[in-house]
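Engineer: Sequence first, predicted model second:
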Amino acid sequence: MRYIKLIILALAFLGTMPSVVHAQGAGIEWDILNKEVVELYRAGKYDRAVIVAQKALQVAEQNVGPNHPDVATSLNNLAKLYKTQGDYAKAEPLYQRSLAIMEKTLGPNHPNVATILNNLALLYKTQGDYAKAEPLYKRSLAIMEKTLGPNHPEVATSLNNLAGLYYTQGDYAKAEPLLKRSLAIYEKALGPNHPDVAASLNNLALLYETQGDYAKAEPLYKRSLAIKEKALGPDHPDVATSLNNLAGLYETQGDYAKAEPLYKRSLAIMEKTLGPNHPDVATSLNNLAKLYKTQGDYAKAEPLYKRSLAIKEKTLGPDHPDVATSLNNLALLYYTQGDYAKAEPLYKRSLAISEKALGPDHPSVAASLNNLALLYKTQGNYAKAEPLYKRSLAIKEKTLGPNHPDVATSLNNLAELYRIQGNYAKAEPLYQRSLAIWEKALGPDHPSVATGLNNLAGLYYAQGDYAKAEPLYKRSLAISEKALGPNHPDVATSLENLAALYRKTNRGSAANALERRAAKIRAVKR
């Protein structure tokens with residue numbers, strides 16, 4: 001799992017409201033405390049930030065009473081900190097109380113009301129409650145448009161964040177026009193070289209990357225990086241984020257030589273600017289570790305994953321969802337090495353944390369169930385694997401809808417379990433539904449479609465139905481070559497599978513040619 005992707009633009013902390021005169025507001029001490037909260041948050045010192053935010057709330061309530069906008073600001077800021085720590089149960093009532101105060105004192109259509117609606121929506125999105133999040137994002141957007149005009153930067157921010165919700169739900173057709181409109185507003189209002197323009201470019205690039213349109217994504221990531229370097233300097237954390245995202249694109253394309261120096265520079269910037277124990281440093285460590293794992297350099301990957309996990313446990317607490325993710329990633333490393341005894345307890349702890357922090361029906365829980373099921377499948381324990389795969393699939397269908405790409409992944413994995421057991425009748429419709437979802441959601445030339453074609457072809461191959469398998473293998477190969485380039489490891493896999501089919505059908509010379517080409521790809525150091 002690669003971190004740092006979608007950028008949620010800043011509608012999080014609230015400062016002193018310009019319309020409130022100090023003599024009538026919570027006072028200078030409250031201002032100072034609020035500034036300290038923001039500084040501590042940026043430094044990743046969340047426990048200390050919570051203490052200061054609680055003090056700011058106390059000062060505000062003492063100075064202006066419980067229903068003043070400054071109290072709402074303090075409630076919002078404290079809620080933001082609890083959300084960051086993964087304590088969603090504490091965050092929600094604070095956001096709700098903050099919203100109620102703002103609505104009562106400033107009216108239902110004030111921009112500060114829109115800000116808190118956005119923040120509450122983000123909380124629900126993080127919890128996987130997309131049905132609650134969407135109307136709040138929409139109301140926030142409507143307020144911003146009405147009060148500030150359709151071309152205000154805050155409207156662009158709201159558009160971006162609503163697009164982020166649709167992106168998470170796999171509704172890319174809804175997300176793209178919002179991201180484009182957001183970008184256009186920022187460019188017009190702030191100029192083409194503003195950091196917020198860079199953030200919009202990043203998010204549009206991510207959308208194209210997810211859809212497999214790497215040719216569209218790369219120039220946007222590069223322009224985003226260039227803007228940030230110019231506007232913020234070469235050692236800013238936001239530059240590190242852009243470096244990470246561009247590196248991730250190259251990693252996806254199998255260009256590890258381009259990805260590694262970008263990941264390393266991203267990590268160096270984070271360590272220099274934020275200190276060695278900041279959560280964003282943990283993120284960078286994770287991403288570099290994943291690259292090394294993909295390359296098979298497990299000795300390099302393991303200490304990075306372990307350090308990333310240790311930082312998260314220290315800064316976020318042992319039961320934070322991000323800790324669960326780190327546990328999952330370290331477990332996956334051990335799984336890849338065949339060390340199942342080390343992987344299993346980490347997967348189980350990851351699952352337990354996710355269920356407790358996010359609830360039993362969150363997509364992250366589904367991911368943990370899937371990974372534990374894969375472990376059991378690999379060990380031949382199909383009876384343990386099947387119910388986990390099924391529960392994972394059910395959660396994704398419930399939370400993401402029946403046509404989300406992640407649902408296709410779960411269908412594919414369950415089909416693979418049935419295929420291994422020789423239950424081809426159960427496997428085939430799952431493979432076919434999985435492929436259909438990927439084609440519809442991602443387009444006919446996406447690498448995931450190539451995967452689906454390859455796996456369905458493998459099912460027919462296992463049944464000896466080579467006539468059905470061959471065109472699927474060929475189409476899978478063509479897609480991989482087009483989307484990933486002729487020298488990607490996935491192309492080698494497609495070549496090997498097609499070569500095996502040629503051997504079964506007495507076409508040895510054709511098989512030899514494909515195998516030689518696959519061997520050349522495998523021999524390249526990446």
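Structural biologist: Looks like it arrived, so ask away.

Engineer: Please identify which helix or strand holds the closest residue to Lys384 other than its chain neighbours.
Structural biologist: What sits nearest to Lys384 in space, not counting adjacent residues and going by Cβ to Cβ, 6 or more residues apart in numbering, is Tyr376, at 4.2 Å. Where you see a C-beta, it was placed from the backbone N, CA and C, and this is true even at glycine. When elements are assigned from DSSP states H and E, Tyr376 belongs to helix 363-378.

Engineer: what distance separates that helix from the middle of the whole chain?
Structural biologist: Averaging C-alpha positions (Cα atoms, centre = their mean, to the nearest Å) puts helix 363-378 18 Å from its chain's average.

Engineer: What are the buried residues along that helix?
Structural biologist: 363-377 (16 or more other Cβ atoms under 10 Å).

Engineer: Give me the pLDDT for the residue nearest to Lys384.
Structural biologist: According to the prediction, Tyr376 has pLDDT 98.

Engineer: which residues touch it?
Structural biologist: Residues near Tyr376 by Cβ atoms under 8 Å, 6 or more residues apart in numbering: Tyr382, Lys384, Ala385, Leu388.

Engineer: May I see the ChimeraX selection of the buried members of those?
Structural biologist: Here is the ChimeraX command that picks out the buried ones among the contacts of Tyr376, judged by 16+ other Cβ under 10 Å:
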select :382,385,388
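
Engineer: Inside helices: which ones of the contacts of Tyr376?
Structural biologist: Tyr382, Lys384, Ala385, Leu388 (DSSP state H).

Engineer: Nearest to Glu92 among those residues?
Structural biologist: Glu92 lies nearest to Leu388 out of these, by Cβ to Cβ, at 29.5 Å.

Engineer: hang on, the earlier thing: could you dump the contacts of Tyr376 into a markdown table with distance to Asn497 added?
Structural biologist: Shown next, in a markdown table, are these (distance: Cβ to Cβ, whole Å):
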| residue | distance to Asn497 |
| --- | --- |
| Tyr382 | 23 |
| Lys384 | 29 |
| Ala385 | 24 |
| Leu388 | 27 |
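
Engineer: So which of the contacts of Tyr376 is the closest to Lys132?
Structural biologist: Leu388 (27.3 Å).

Engineer: For the closest one, which non-adjacent residue is closest in space?
Structural biologist: Ala373 (3.7 Å).

Engineer: Now do the helix or strand hosting Ser392: which elements does it pack against?
Structural biologist: According to DSSP H and E, Ser392 maps onto helix 382-400. Judged by 3 or more Cβ pairs under 8 Å, 6 or more residues apart in numbering; DSSP states H and E, the packing partners of helix 382-400 are helix 363-378, helix 405-420.

Engineer: if we compare the ones you listed, which one ends up closest to Ile116?
Structural biologist: Relative to Ile116, the nearest member of the helices and strands packed on helix 382-400 by Cβ to Cβ is helix 363-378, separated by 25.1 Å.

Engineer: So what angle separates the directions of that closest one and helix 382-400?
Structural biologist: Helix 363-378 and helix 382-400 are oriented at 160 degrees to each other (axes from the mean of the first three to the mean of the last three Cα atoms, to 10 degrees).

Engineer: Kindly state the pLDDT recorded for Lys390?
Structural biologist: pLDDT, Lys390: 98.

Engineer: which residues touch it?
Structural biologist: Applying Cβ under 8 Å, 6+ apart, we find Lys390 in contact with Leu414.

Engineer: now swap in Pro279 and tell me
Structural biologist: Pro279 neighbours (Cβ under 8 Å, 6+ apart): Gly44, Ile311, Lys312, Thr315, Leu316, Asp322.

Engineer: Just to check, the last one is in contact with Lys312?
Structural biologist: Yes. Counting by Cβ atoms under 8 Å, Asp322 does reach Lys312; the two are 5.2 Å apart.

Engineer: hey, what's in contact with both of the two?
Structural biologist: Applying Cβ under 8 Å, 6+ apart, one finds that Asp322 and Lys312 are jointly contacted by Pro279, Ala282.

Engineer: What is the nearest of the ones in helices among the contacts of Tyr376 to Asp70?
Structural biologist: Taking Cβ to Cβ as the measure, Leu388 is the one of the ones in helices among the contacts of Tyr376 closest to Asp70, at 49.0 Å.

Engineer: how far away is the closest one from Ile353?
Structural biologist: Leu388 sits at a distance of 16 Å from Ile353 (criterion: Cβ to Cβ, to the nearest Å).

Engineer: Check Ala114 too.
Structural biologist: Using Cβ to Cβ, Ala114 is found at 33 Å from Ile353.

Engineer: now Asn455
Structural biologist: 31 Å.

Engineer: For Asp235, which non-adjacent residue is spatially closest?
Structural biologist: Using Cβ to Cβ, 6+ apart, the nearest residue to Asp235 is Ile269, at 5.3 Å.

Engineer: List the buried residues in the helix or strand Lys188 falls within.
Structural biologist: With secondary structure defined by DSSP H and E, Lys188 is part of helix 172-190. Neighbour-count burial for helix 172-190 flags Tyr172, Ala175, Glu176, Leu178, Leu179, Arg181, Ser182, Leu183, Ile185, Tyr186, Glu187, Ala189 (criterion: 16+ other Cβ under 10 Å).

Engineer: Can you name the element that comes right after that helix?
Structural biologist: Using DSSP H and E, the next helix or strand after helix 172-190 towards the C-terminus is helix 195-210.

Engineer: For that following helix, what does the pLDDT average out to?
Structural biologist: pLDDT averaged over helix 195-210 gives 95.

Engineer: roughly how far is it from the heart of the chain?
Structural biologist: Put simply, helix 195-210 sits 13 Å off its chain's centre (Cα atoms, centre = their mean).

Engineer: same question, stretch 43-55
Structural biologist: 26 Å.

Engineer: and it, C-alpha only, in CSV?
Structural biologist: C-alpha atoms of stretch 43-55 as CSV (Å, rounded to 0.1, in the frame of the first residue of the first chain):
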residue,chain,number,x,y,z
ALA,A,43,5.1,19.2,14.1
GLY,A,44,3.2,16.0,14.6
LYS,A,45,3.0,16.5,18.4
TYR,A,46,-0.7,15.6,18.7
ASP,A,47,-0.8,14.7,22.4
ARG,A,48,0.6,18.1,23.4
ALA,A,49,-1.6,19.8,20.8
VAL,A,50,-4.8,18.3,22.3
ILE,A,51,-3.8,19.6,25.8
VAL,A,52,-3.3,23.1,24.4
ALA,A,53,-6.5,22.9,22.4
GLN,A,54,-8.5,21.9,25.5
LYS,A,55,-7.0,24.9,27.3
